[in-house]
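Whatever this is, show me its structure:
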Amino acid sequence: YNLTIQNCRINARRADTSTAIGIDLVDRSMVTLIGGAVEGYQTGIRMGVGCTLQGTGVYFESAAPSVNAVGIKMGTGASSVSMQGSQVYLTNHKAWIDCAGNTGERITSMGNRFKGGAAGTTSYAYKWVNPNTGALRVILFGDSFVDAQGACIYRPNGYVPNGSMIADPYGSGV
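Numbering: from 1, shown residues only. The predicted structure follows:
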């Protein structure tokens, strides 16, 4: 229900070389990650209904060769993610935080660093598709990219939720 994980390495790569889920949060879980890494996943962290995830200084890297991996797949029902100071290797990702199609979600992100993105593919840091105005709140501030080939900071599909703040330091994050 309420768990803090500090400086651990979660590797979702199984012995048969396929990938799986690194952390699977049951409904209404509250989890804090401090340091450490989540690696080798198809889905790094899958959130159930009404979960809260807080992270500081966590490294995320999905497994090759898939380009459909998701670092954090948000659940429905007012789940929230707050991440700061994390590093994400975007190559092989569909999105780092994906709440596409969900409602009632909250994303707060500050000072995360993204690297990679494979040439000819599009890797998103944040992805959402939400037609329900006001159902999603997004605050993105101070994120940065290093060597971003074909990567985007966010993918709102033309929809920026009411009450959201998106500060793109480069002016080109769409």
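
where's the residue nearest to S62 when sequence neighbours are not counted relative to I139, distance?
Distances taken as CB to CB, 6 or more residues apart in numbering place A69 nearest to S62, at 3.4 Å, with adjacent residues excluded. In short, each C-beta sits where N, CA and C put it, glycine included. From A69 across to I139, the span is 24 Å (CB to CB, to the nearest Å).

quick one: secondary structure of I166?
strand (DSSP: H, G, I helix; E, B strand; the rest coil).

same check, this time on L53
Once three-state DSSP is applied, L53 turns out strand.

That one reaches L33, doesn't it?
Yes: contact criterion CB atoms under 8 Å: L53 and L33 qualify, at 7.4 Å.

Okay, the closest residue to K127 other than its chain neighbours and T32: tell me how far apart.
With CB to CB, 6+ apart as the criterion, K127 has its nearest non-adjacent residue at 3.6 Å, and that residue is A95. To T32, A95 is 22 Å away according to CB to CB.

the more surrounded of these two?
A95 (24 against 15; other CB atoms under 10 Å).

Spit out the contact partners of that one.
70-71, 123-127, 155 (CB atoms under 8 Å, 6 or more residues apart in numbering).

Low-confidence stretches in this structure?
Scanning the chain for pLDDT under 70 picks out 14-19, 64-67, 100-103, 117-122, 129-135, 146-160, 162-163, 167-174.

hmm, back to that, if you count what's nearby, which of A69 and I139 comes out ahead?
Neighbours were counted for A69 and for I139 using other CB under 10 Å; A69 has more, 27 against 15.

Pull the contacting residues for the more buried one.
A69 neighbours (CB under 8 Å, 6+ apart): 19, 41-44, 62-63, 92-94.

Please identify which of the residues you listed is nearest to S144.
Nearest to S144 out of the contacts of A69 is H93 (CB to CB; 16.5 Å).

Now the closest one: closest residue in space that isn't a chain neighbour?
Nearest to H93 is S123, by CB to CB, 6+ apart, at 4.6 Å.

Just to check, that neighbour is in contact with K94?
Yes: counting by CB under 8 Å, S123 does reach K94; the two are 7.2 Å apart.

Which one of these two is surrounded by more residues?
For S123 versus K94, neighbours defined as other CB under 10 Å are more numerous around S123 (27 against 21).

Pick out the most distant pair among the contacts of A95.
G71 and R155 (14.0 Å).
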